[in-house]
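Novice: What follows is a protein structure lacking sequence information:
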């Protein structure tokens, strides 16, 4: 299994995917990538923008929404990339199109799966650690389950002495851990995971790991996080949520 799970597609002050251009080239090589644009409403414009950025890395992109049978195309794809946007809208589209099993089938036979933000959320066991507003209602929160732990993309550290009275990301994740004994990796902007079978390596930037009854842990670039493989111990029946 080969995965590239990015916190974000655009770093402040840089071009889309500019911070990970070499990683994209190394990850996909000569494979044509089927792009899944369903996290945004305008599929054509989104695909065109991503195709332009991927071309700078020497990677060819085709929007899966342009093919007659998206499920069949994804099941047979050599490379898949799922773009960011609203995770709830994305998951509902995948469910309605029968694309969950198609992507699992592709990854199971060796297709390379990449995602940013919402696309990274899809690789987790469930949607429960997204930052997004539920603008639509999916048919349950279970996602692809390609990894055994949760990711919180765009993770932001608490701001000392902030006057904001809402919960920080750290507090939200603590609430999640009160109900679910599953690790959550907070990926900061510019960070991504490179997963190869049971190997998990953090690249690009740092991350913070949250586990139940354990203080948050900082991990640096090139850290080996392979110990997270097989780490999911309990969800409260996520498939029925």
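Specialist: Ah, there it is. Just so it is clear, the model here is predicted, and its values are computed rather than measured.
Novice: Mind listing what's buried along the lengthiest helix in the chain?
Specialist: Ranked by residue count and defined by DSSP state H, the top helix of the chain is helix 43-55. With burial defined by 16 or more other Cβ atoms under 10 Å, the residues of helix 43-55 counted as buried are 43, 46-47, 49-51, 53-54. Heads up, the C-betas are built off the backbone N, CA and C, glycines and all.
Novice: for stretch 119-132, same thing?
Specialist: Of the residues in stretch 119-132, those scored as buried under the neighbour-count criterion (16+ other Cβ under 10 Å) are 119-130, 132.
Novice: Which stretches in the chain count as strands?
Specialist: With DSSP state E as the criterion, the chain has strands at 2-6, 33-36, 61-63, 79-82, 112-116, 150-152, 184-187, 192-196, 199-203, 207-211, 214-219.
Novice: With respect to residue 227, which of those lies nearest?
Specialist: Each of these was checked against residue 227 via Cβ to Cβ, and the shortest separation belongs to strand 199-203, namely 8.3 Å.
Novice: just checking, what packs against the closest one?
Specialist: Under the contact definition 3 or more Cβ pairs under 8 Å, 6 or more residues apart in numbering; DSSP states H and E, strand 199-203 sits against strand 192-196.
Novice: show me what contacts the residue nearest to residue 58 when sequence neighbours are not counted?
Specialist: Of all residues not flanking residue 58 in the chain, residue 25 sits nearest, at 5.3 Å (Cβ to Cβ, 6 or more residues apart in numbering). Residue 25 is in contact with 57-59, counting by Cβ atoms under 8 Å, 6 or more residues apart in numbering.
Novice: From residue 85, how far out is residue 133?
Specialist: Between residue 133 and residue 85 the computed distance is 12 Å (Cβ to Cβ, to the nearest Å).
Novice: For those two, indicate the residue with more neighbours.
Specialist: The residue with the greater number of neighbours, taking residue 133 and residue 85 and applying other Cβ atoms under 10 Å, is residue 85; the counts read 20 against 9.
Novice: Quick check, the more buried one in contact with residue 39.
Specialist: Yes - under the criterion of Cβ atoms under 8 Å, residue 85 is in contact with residue 39, at a separation of 2.7 Å.
Novice: anything in contact with each of those two?
Specialist: Taking Cβ under 8 Å, 6+ apart as the contact criterion, the common neighbours of residue 85 and residue 39 are 117-118.
Novice: what inclination does the longest helix of the chain have with respect to strand 112-116?
Specialist: Following axes from the mean of the first three to the mean of the last three Cα atoms, to 10 degrees, one obtains 110 degrees for the angle between helix 43-55 and strand 112-116.
Novice: re the thing from before, per-residue pLDDT, the residue nearest to residue 58?
Specialist: Confidence at residue 25, expressed as pLDDT, is 94.
Novice: what's near enough to touch residue 32?
Specialist: For residue 32, the contacting residues are 60-62, 78-79, by Cβ under 8 Å, 6+ apart.
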